[in-house]
Every structure is written in C-alpha cells, then in structure tokens.
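Student: Here is my input; please provide its structure:
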Amino acid sequence: MGKARRPVQIFVLLCIVVLGAYAINSAVFSRGSDKPVVGGKPPAVKLLGLDGKVHTLEEYKGKAIVINFWATWCTYCVNEMPALQQQWEKWRDSGVVVLGINTGEDKMTVANFTQQIGTDFPILFDSDNEAVREYGVVPMPTTFLLIKKVRSLPFLKVS
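Tutor: Residues are numbered from 1 along each chain as shown. Take a look at the predicted model:
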C-alpha cells in the first residue's frame, strides 16, 4: 500500500510547486506595465472614505498628493502615522493632500485607530485590495508622492 501512495504524493507535491511558482510569478511580475513609474500617470482610484464619500484622485487635481498605503496591524504603519499627521497639518494650506489608503480592514477598526492616534487627513478604504494591485504595493507601508508643479511646493527647493 505504501508503494501505491508514492505516485499520488509526487503528483500532489508537483501541483503544490507549480501553484506556488504561479503565485509568486503573479505577485512579482503581473501587470508590471500598469504600475506607477516616475513621470507617468498614476493609476486612478475610486475608493470609499472614512467620511462616507467616494473619493478619486481627480478631485485633488492641481494639488500634490501623498498616498500612503497602510494597515493597523502593520507596526511600521502605526509608527509613521503621527509623522504623516504632522506633515498634513504643515502642508494642507500649501496645496498638499495626504491620503491614507487602508488595505482591507473594516470601518470600525480604522475609525477607532484614527481617533486614538488623532489623524484627520482623508482615510480611504481599499477593501478588495484593487488599489494595492494597481500600485504594485508589496511591503507596507508604501508611500507615493504625486506632483505636477515641483516649484510650487514649499518643502521642495528647486534651483
């Protein structure tokens, strides 16, 4: 009976290896041409905000946008949230928007967290991780800076 199981075990092992290789390949190489590139157009997002409204990048047209992908379970994300809030307070009157995109958590968890930390910049929900895939986010936190007019930003000095 042990010899009869051997081919089945080998087949199952091969299936696991093939599926694992496919999953790794998909995560690393899939849709690579759609991911953001320096100087390129960022992927469009249409996400529900903590405020109950649907937000798109288009509503922030003409402003510099800091997009931060984060989650409450991510230690580094939690540690950088006060710094993002501080920069939001410093930049918001200068045409800079900070957007926090939470990845896959429920509204109550995020609302409690942001209230506890004291963040008031716009928080959006990427409940199905579509924006994570579009932006090619693998480690968390990941932050993007979208700007069109470099000279108009107070924190960048261009000579």
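
Student: mind listing the strands for this protein?
Tutor: 46-49, 54-56, 64-70, 96-103, 123-126, 142-146 (DSSP state E).

Student: average pLDDT for the shortest one?
Tutor: The one in question is strand 54-56. Mean per-residue pLDDT for strand 54-56: 95.

Student: partner strands of it, parallel or antiparallel?
Tutor: strand 46-49 (antiparallel) (DSSP bridges).

Student: Same question for the partner strand: list its buried residues.
Tutor: For strand 46-49, the neighbour count (16 or more other Cβ atoms under 10 Å) marks L47 as buried. To be clear about C-beta, it is placed using only N, CA and C from the backbone, and glycine gets the same treatment.

Student: Export that strand to PDB, keeping only CA atoms.
Tutor: C-alpha atoms of strand 46-49 as PDB (Å, rounded to 0.1, in the frame of the first residue of the first chain):
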ATOM      1  CA  LYS A  46     -12.200  55.300  -6.700                       C
ATOM      2  CA  LEU A  47     -12.400  54.500  -3.000                       C
ATOM      3  CA  LEU A  48     -14.900  55.000  -0.200                       C
ATOM      4  CA  GLY A  49     -13.600  57.300   2.500                       C
END
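
Student: ok now do K63, which residues does it touch?
Tutor: Residues in contact with K63, defined by Cβ atoms under 8 Å, 6 or more residues apart in numbering, are 95-97.

Student: Revised request: answer the last question for P141.
Tutor: Contacts of P141 (Cβ under 8 Å, 6+ apart): 68-70, 74, 76-77, 80.

Student: and those, which are buried?
Tutor: Counted by 16+ other Cβ under 10 Å, the contacts of P141 give 68-70, 74, 77 as buried.

Student: excluding its backbone neighbours, what's nearest V54?
Tutor: Excluding its sequence neighbours, the residue lying closest to V54 (Cβ to Cβ, 6 or more residues apart in numbering) is L48, at 5.7 Å.

Student: M81: how many residues sit nearby?
Tutor: Neighbourhood size, M81 [other Cβ atoms under 10 Å]: 23.
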